[in-house]
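A.B. asks: Got a predicted model here, sequence first, then my questions.
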Amino acid sequence: LLSRSSSSGHSMAVAPSAVHEERAGESGAAAFDPHRPPTIEGFTPLPRAREESFQDKFIRKTKENPFVPIGCLGTAGALMYGLRAFKQGKTRQSQMLMRTRIFAQGFTVVAIIVGVAAAALKPKQ
């Protein structure tokens, strides 16, 4: 780091690359553009992948592991029907549907774990 004095007499630490950019800007060779990333010698950034919409990501993830959405739908369905049965006073059916919901939740958690393990073990492309 280089040390410079400001007009108020305090010294500031400035990185060498910042000094180089400032001097280049003073000579008019390269003006600073805040809308573009700085050019760094010897560094080439990776091309940025296109932004993926929610729908595209949902479809891709569902194709990768279709059991997770199936388990989620089963859990939500059992919960809704169980609550409806409870409201209607059908305690036996409500109890059976709550147990079904717990099974569906367990199925979903296992599907997530298996999906994560499969993705971790899959060779990089």
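C.D. replies: Thanks, I have the structure now.
A.B. asks: Show me where this protein has its helices.
C.D. replies: 16-27, 54-64, 67-87, 91-121 (DSSP state H).
A.B. asks: Switch those over to TSV; also include mean pLDDT.
C.D. replies: TSV is the format used below for the helices of the chain (pLDDT from 0 to 100):
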stretch	mean pLDDT
helix 16-27	49
helix 54-64	91
helix 67-87	96
helix 91-121	95
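A.B. asks: How many residues are close by Thr62?
C.D. replies: When neighbours are counted by other C-beta atoms under 10 Å, Thr62 registers 13. Where you see a C-beta, it was placed from the backbone N, CA and C, and this is true even at glycine.
A.B. asks: before we move on, what about Pro37?
C.D. replies: With other C-beta under 10 Å as criterion, Pro37 counts 8.
A.B. asks: Quick one: residues contacting it.
C.D. replies: Pro45 (C-beta atoms under 8 Å, 6 or more residues apart in numbering).
A.B. asks: Please tell me how far it sits from Glu52.
C.D. replies: 22 Å (C-beta to C-beta, to the nearest Å).
A.B. asks: So which of the helices of the chain is nearest Phe43?
C.D. replies: Evaluated over the helices of the chain, closeness to Phe43 peaks at helix 16-27, with 11.6 Å, by C-beta to C-beta.
A.B. asks: Relative to Gly106, how far out is Phe58?
C.D. replies: With the distance defined as C-beta to C-beta, Phe58 ends up 23 Å from Gly106.
A.B. asks: for Met96, same thing?
C.D. replies: Separation of Met96 from Gly106 (C-beta to C-beta) stands at 16 Å.
A.B. asks: ok so, going back, what's the most buried one of the helices of the chain?
C.D. replies: Ranked by mean neighbour count under mean count of other C-beta atoms under 10 Å, these are led by helix 67-87, which reaches a mean of 16.
A.B. asks: which helices and strands sit right next to that helix?
C.D. replies: Other helices and strands packing on helix 67-87, by 3 or more C-beta pairs under 8 Å, 6 or more residues apart in numbering; DSSP states H and E, are helix 54-64, helix 91-121.
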